[in-house]
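Student: the following block contains a protein sequence and its predicted model.
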Amino acid sequence: MGAGESPGAAAGAVGGIQGDPEGEIHHICTNKNDKSDRTGGPWTPRFERFFMQAGMKLSDPANLVRIRGHKGSHPAEYHQEVFRRLDLATKRCRGETRCRALLVDELAKIARELVREGSELRGLITKGTRE
């Protein structure tokens with residue numbers, strides 16, 4: 001990936017969102033799990049903490065990727081892994097600018113993994129669908 005390229009650039013961009021051109025828009029960090037504990041949640045408030053310290057919102061384009069074969073909620077294993085990676089990446093950040101840079105960098109890494117067919121994270125959110 002070259003300087004200035006967005007996550008998943010190799011897979012293409014539609015409407016400024018990277019990933020599979022015909023894929024559904026996917027929030028890397030969910031914005032739809034405010035109350036349910038069904039998948040170990042609620043996850044949205046936990047993810048919002050990372051975004052608030054970076055001066056961002058879950059609706060930020062850095063948190064969006066197009067994934068073919070993804071519909072519905074994410075399994076607990078997916079949320080746990082994304083949370084673990086963001087926590088590790090931003091644990092010691094100080095200041096909004098630095099926290100934003102670290103968060104966006106880790107989201108880009110996760111997005112690249114999500115658009116790579118056969119990756120573990122992609123498998124978690126496309127389970128039971130034909131790609």
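Tutor: Thanks, I have the structure now. Numbering: from 1, shown residues only.

Student: which ones are touching the residue nearest to the spatial centre of the chain?
Tutor: With distances taken as C-alpha atoms, centre = their mean, I28 lies nearest the centre of the chain, 2.0 Å away. For I28, the contacting residues are 63-65, 82, 107, 110-111, 114, taking C-beta atoms under 8 Å, 6 or more residues apart in numbering as the criterion. From N, CA and C alone the C-beta is placed, and that goes for glycine too.

Student: those residues in helices, which ones?
Tutor: Using DSSP state H, the members of the contacts of I28 that fall within helices are 82, 107, 110-111, 114.

Student: and stretch 78-90, which residues are buried?
Tutor: Buried residues in stretch 78-90, counted by 16 or more other C-beta atoms under 10 Å: 78-79, 81-83, 85-86, 89-90.

Student: what comes into contact with it?
Tutor: Around stretch 78-90, the neighbours that count as contacts under C-beta under 8 Å, 6+ apart are 28-30, 33, 39-41, 43, 46-47, 50, 53-54, 99, 102-103, 105-107, 109-110, 120-121, 124-125.

Student: give me the below-cutoff pLDDT ranges for this protein.
Tutor: Counting by pLDDT under 70, the chain contains low-confidence ranges at 1-16, 33-41, 72, 128-131.

Student: what segments of it are strands?
Tutor: In the chain, the strands defined using DSSP state E lie at 13-14, 17-18, 24-27, 64-67.

Student: before we move on, back to that, in ChimeraX, select just the buried ones from the contacts of stretch 78-90.
Tutor: Selection command for ChimeraX covering only the buried members of these, criterion 16+ other C-beta under 10 Å:
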select :28,29,30,33,39,41,43,46,47,50,53,54,99,102,103,106,107,110,121,124,125
